[in-house]
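Asker: sequence and predicted model, in that order:
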Amino acid sequence: MTRRLWRLVWLGALFLGGLTPPALADDGATVEYLYVEANEGGSSGGHVGLRLGDEVFHFEHRSPGVLVLGRDDVEQFRFHYSVLENRTIHISRIPVSEETQELLRHRFRHRLFLQTRHLDVMESLRGDRATLEQMLAAGLSVEGAGYFAPVGEAVPGAGAEIAALRARVEATHGADFLDRRTEALKGQLAALDPSFMGLPELPTAEVPPAPTYSFPQRYRDVVTALQALEILREARPLAPGALVRAEPDDLRFTEADALAAARLFETLEDALVRLVASERPDWGVALTVGMARLAALGESRRQERWVVLDVFPPGSEAPRGKPSRGKLSAWLVEDAEAERARARVRLVASADSAFPEASFAAFEAAANRWLELRTAQAEDRVPRVLKTPMIPSRAARIPIDEVDARALTAGLEAVREREEAYAAGFKRRWGYNLITRNCVSEIFSEIDAAFEGGAGESRVRLGGRLEMEGSLNFIPVVSAASVASSYPVTERLEVPSYRRARVEQMYREENPVAVFMRESNTLTSAVYRRNADDSIFVFFTDDVVLARPLLGAVNLVVGLGASAVGLVALPVDGGATLWAGLKGALFSLPELFFQNIRKGSFEHIRRNEREGSVARPPVVRPPVARQPVVSPVDAPGGG
Amino acid sequence: MCDKWKLSSLRPGMAVLLALVLIGSQACSFSKSSESSSDSSESSSKSSSPGSAETQYKNDVREYTAAYMKTGGQFDAYRRGIGDLAKKHSITNWEDNTVTYEGIGEGLGEAGASDVQVKAYADGMAGQDAAKRTALMKGYDAKKK
């Protein structure tokens, strides 16, 4: 009753003011509700997102049981869900005023910022804990220091770039600059009080956390800066293994490359001369990484080919990718090479200005990935993977002076408590619940919160509203149907899953019977290649309805059979086959009831094959005689 | 016309689907949060063009600065926070990047900073570097209310 009354008052106010309800304004702005069909794996219930302009906002369920807002540009979203995850996206387009679209965008961006800041604080608390634990063990792991040879292992004549940098620093800032700066830093270190941790306050719902600079962060920053100065003072050369291993002919300089490398060297050296005198708190790691890159550029110029830092963590610390052999492995290498070539062109083109660090880092990462994939292919091993974004950060353990152990232990306890309390607070506010707070409910909750008038204003501005309470709207597919019937949807489109788009194209170009026979199963399909993340199955059932129970029964038998084999192979493969078989059997069950969840997914799609899944009007399938259930999955948005 | 889906309108097919969803407990996309891939092109496709990556960095600095104007806190903590943001965009030497100052200026403009506050930030962040101060003012002018 109260809601109705409020809505009447709001509408009344609009019309009394001679205004047109904003939802009726025809200025071309839209809101798109995106429903992504279910697939096995991370989203067996489907997924939803909201497109506002070029951005798609969508809530993801993350460990440990929290719901986190993500933002992708439209193309990223399409590529991830429609291509790699092979899921059809259904779009409901709702016209709104530009003002309404902007209010929604503002709200979602604010939520994104707020959550990101809180996640950053949790990350910094984890860092604080690690720092204190290392301090109690009398040694800090210092980022970037691992690229340089330890004291006493310097090769005579090596480290020429760093020696030249030191000379320029002394010429610019004074011959005793390094001594003065070192003494000042030691003074700062001695003045730090471990009994005052300076930890962040616990989170509050709608207010971003104020920045804090804790004792462990301060201590780490000063030690890192001292280490950077020591590397500079001693003109240490790069450590063995600091640069990526490559063949002599890899990445040979062209004339443009040589000029660019010279310019990059010059601008980076200039930047480091300024940086060494910086007053910013965290300059040490920037100087260390910059010096390592300077040495790599020096090596590049000597060898007349691009030589980059090895940005992978050493040894077994680097996470591993998935095993890939044959064609897929070759394609990965070819595409990585193409990406490296593009990054190289961008770097050379941007070398004329100040040191283009982002472009340099992109090239460094692309070269590392390409060489890693190529080496893994040659050695027939699983490749290491790079986390993105990437900063070269090979660490070295640096011994530190003794710090009051009692204060450190107390500080460590305080950090642990704060870490737990912060995570609990975050979860209280944004915890995931399958029914009451999921990717659907949170979108509609944020839509209401975008407007001062809450739900009432939301209904007026968007021309409708979705109730979550007491309904099944928390299920993504149901919400898509409800949006179509509750809002003034003017257009409904679908972006077909990658496999469907490719197979439809084949139907147009080849003998349909041959295409059906070949593409209906995982064994002969020319589109699908087995992805280690997928369950074991034989027949695709997302594009057949009548035969689905029969094909599902075969899939079920295959899944159970694979599970039996997996049981035997358990000691060898660690349960991978058993798990894939069990999943295969589980996701075959709905097929027996004319439902489809599993569609297969892709580990990699070549760049030139990524297009084709473009938005189009939904395919209307002819009614199937005696079909017992009209599946919302097959008839998206129906209702 | 079906206004909305109620429990009472549950159909057998839906019941099966719902049961499986509940069994799977994975409605909505589950993310492992870290971006890692052996597939270089997948990762790089996320970064889009250098221009858009730069804009994203600037936007992050703008939002962070505007929020800091409201929450307050130690200035060196604010500066260190800029460093953390920059790292997310593969930048370590953020002081030498004019985009940083544009972002700061935009954040000040968005938060409705006074002339005195803008000058304090220009002095504290850009020092006497003309290019940095210009970038900061450019950002401020673009967003000031």
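Answerer: The structure has been received and is ready for your questions.
Asker: pull out the buried positions in the lengthiest helix in chain B.
Answerer: Assignment by DSSP state H gives helix B:50-71 as the longest helix of chain B. The neighbour-count check on helix B:50-71 (16 or more other C-beta atoms under 10 Å in any protein chain shown) flags B:50, B:53-54, B:56-58, B:60-69 as buried. Where C-beta positions appear, they are placed from N, C-alpha and C, glycine not excepted.
Asker: the residues you listed: which ones sit near chain A?
Answerer: Contacts with chain A within these, as defined by C-beta under 8 Å from any C-beta of the partner chain: B:Pro50, B:Ala53, B:Glu54, B:Tyr57, B:Glu63, B:Tyr64, B:Ala67, B:Tyr68.
Asker: tell me where the stretch 151-300 of chain A has helices.
Answerer: A:160-173, A:177-191, A:215-233, A:255-275, A:283-303 (DSSP state H, counting those that start in this stretch).
Asker: for the shortest one, C-alpha coordinates in CSV please.
Answerer: Taking only C-alpha atoms (Å, rounded to 0.1, in the frame of the first residue of the first chain), the coordinates of helix A:160-173 have been written out as CSV:
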residue,chain,number,x,y,z
ALA,A,160,77.6,-1.2,-17.2
GLU,A,161,74.1,0.4,-17.6
ILE,A,162,73.7,0.6,-13.8
ALA,A,163,77.2,2.1,-13.4
ALA,A,164,76.3,4.7,-16.1
LEU,A,165,73.0,5.5,-14.3
ARG,A,166,74.9,5.9,-11.0
ALA,A,167,77.2,8.4,-12.7
ARG,A,168,74.3,10.4,-14.0
VAL,A,169,72.6,10.3,-10.6
GLU,A,170,75.7,11.7,-8.9
ALA,A,171,76.2,14.3,-11.6
THR,A,172,72.6,15.4,-11.3
HIS,A,173,72.0,15.2,-7.5
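Asker: which residues touch it?
Answerer: Helix A:160-173 is contacted by residues A:177-178, A:231-233, A:235-237, A:265, A:269, A:272-273, A:276-277, A:291, A:294-295, A:297-298 when judged by C-beta atoms under 8 Å, 6 or more residues apart in numbering or on different chains.
Asker: now with 6 Å, please.
Answerer: The contact list for helix A:160-173, computed with C-beta atoms under 6 Å, 6 or more residues apart in numbering or on different chains, reads A:Leu232, A:Ala235, A:Glu269, A:Leu272, A:Val273, A:Val276, A:Ala277, A:Met291, A:Leu294, A:Ala295, A:Gly298.
Asker: so which of those residues is the closest to chain B?
Answerer: Proximity of the contacts of helix A:160-173 to chain B was ranked by C-beta to the nearest C-beta; the top entry is A:Leu272 with 8.3 Å.
Asker: neighbours of the closest one, how many?
Answerer: 24 (other C-beta atoms under 10 Å in any protein chain shown).
Asker: what does the pLDDT read for it?
Answerer: You'll see A:Leu272 listed with a pLDDT of 98.
Asker: mind listing what it touches?
Answerer: Going by C-beta under 6 Å, 6+ apart, A:Leu272 touches A:Leu165, A:Gly290.
Asker: over to the one 5 residues further on?
Answerer: Shown in contact with A:Ala277 (C-beta under 6 Å, 6+ apart): A:His173.
Asker: hang on, the earlier thing: next, the angle helix A:215-233 makes with the helix or strand just after the longest helix of chain B.
Answerer: Downstream of helix B:50-71, the first helix or strand assigned by DSSP states H and E is helix B:75-87. Here helix B:75-87 runs at an angle of 70 degrees relative to helix A:215-233 (axes from the mean of the first three to the mean of the last three C-alpha atoms, to 10 degrees).
Asker: can you list contacts of helix B:75-87?
Answerer: A:Pro211, A:Thr212, A:Tyr213, A:Arg280, A:Pro281, A:Asp282, A:Ile391, B:Asp60, B:Tyr64, B:Tyr68, B:Trp94.
Asker: which parts of chain B are helices?
Answerer: B:12-24, B:40-47, B:50-71, B:75-87, B:98-110, B:115-121, B:130-143.
Asker: mind putting the ones you listed in CSV, mean pLDDT and distance to A:Ala145 included?
Answerer: Formatted as CSV, the helices of chain B follow (pLDDT from 0 to 100; distance: least, C-beta to C-beta, whole Å):
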stretch, mean pLDDT, distance to A:Ala145
helix B:12-24, 54, 46
helix B:40-47, 40, 26
helix B:50-71, 89, 26
helix B:75-87, 95, 17
helix B:98-110, 97, 25
helix B:115-121, 95, 33
helix B:130-143, 96, 29
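Asker: so which of those gets nearest A:Val31?
Answerer: A:Val31 lies closest to helix B:50-71 among these, at 20.9 Å (C-beta to C-beta).
Asker: so which residues of chain A form strands?
Answerer: For chain A, strands defined by DSSP state E occupy the ranges A:30-36, A:47-52, A:55-62, A:66-73, A:89-95, A:139-142, A:386-387, A:396-399, A:491-495.
Asker: angles on the backbone of A:Asp54, please.
Answerer: In terms of degrees, to the nearest 10, the main-chain angles of A:Asp54 are phi -90, psi 0.
Asker: separation between it and A:Phe108?
Answerer: Using C-beta to C-beta, to the nearest Å, A:Asp54 is found at 13 Å from A:Phe108.
Asker: got it, and B:His89?
Answerer: Distance from B:His89 to A:Phe108, by C-beta to C-beta: 21 Å.
Asker: what's the answer for B:Val118, then?
Answerer: Distance from B:Val118 to A:Phe108, by C-beta to C-beta: 28 Å.
Asker: who has more neighbours out of those two?
Answerer: Higher neighbour count among B:Val118 and A:Phe108: A:Phe108, with 23 against 19, using other C-beta under 10 Å.
Asker: which ones are touching the more buried one?
Answerer: Residues near A:Phe108 by C-beta under 6 Å, 6+ apart: A:Phe57.
Asker: name the nearest residue to B:Ser52, ignoring sequence neighbours.
Answerer: A:Asp73 (7.6 Å; C-beta to C-beta, 6 or more residues apart in numbering or on different chains).
Asker: partner residues bridging that neighbour?
Answerer: A:Glu55 (DSSP bridges).
Asker: can you check the pLDDT for it?
Answerer: pLDDT, read off for A:Asp73, is 90.
Asker: how many neighbouring residues does it have?
Answerer: Residues lying near A:Asp73 (other C-beta under 10 Å) number 16.
Asker: and for A:Gly187?
Answerer: 10.
Asker: how about the residues of the stretch 251-400 of chain A near chain B?
Answerer: Counting by C-beta under 6 Å from any C-beta of the partner chain, the residues of the stretch 251-400 of chain A lying close to chain B are A:271, A:275, A:278, A:280-282, A:286, A:289, A:319, A:321, A:332, A:335-336, A:339, A:346, A:357-359, A:361, A:369, A:383, A:385, A:387-389, A:391.
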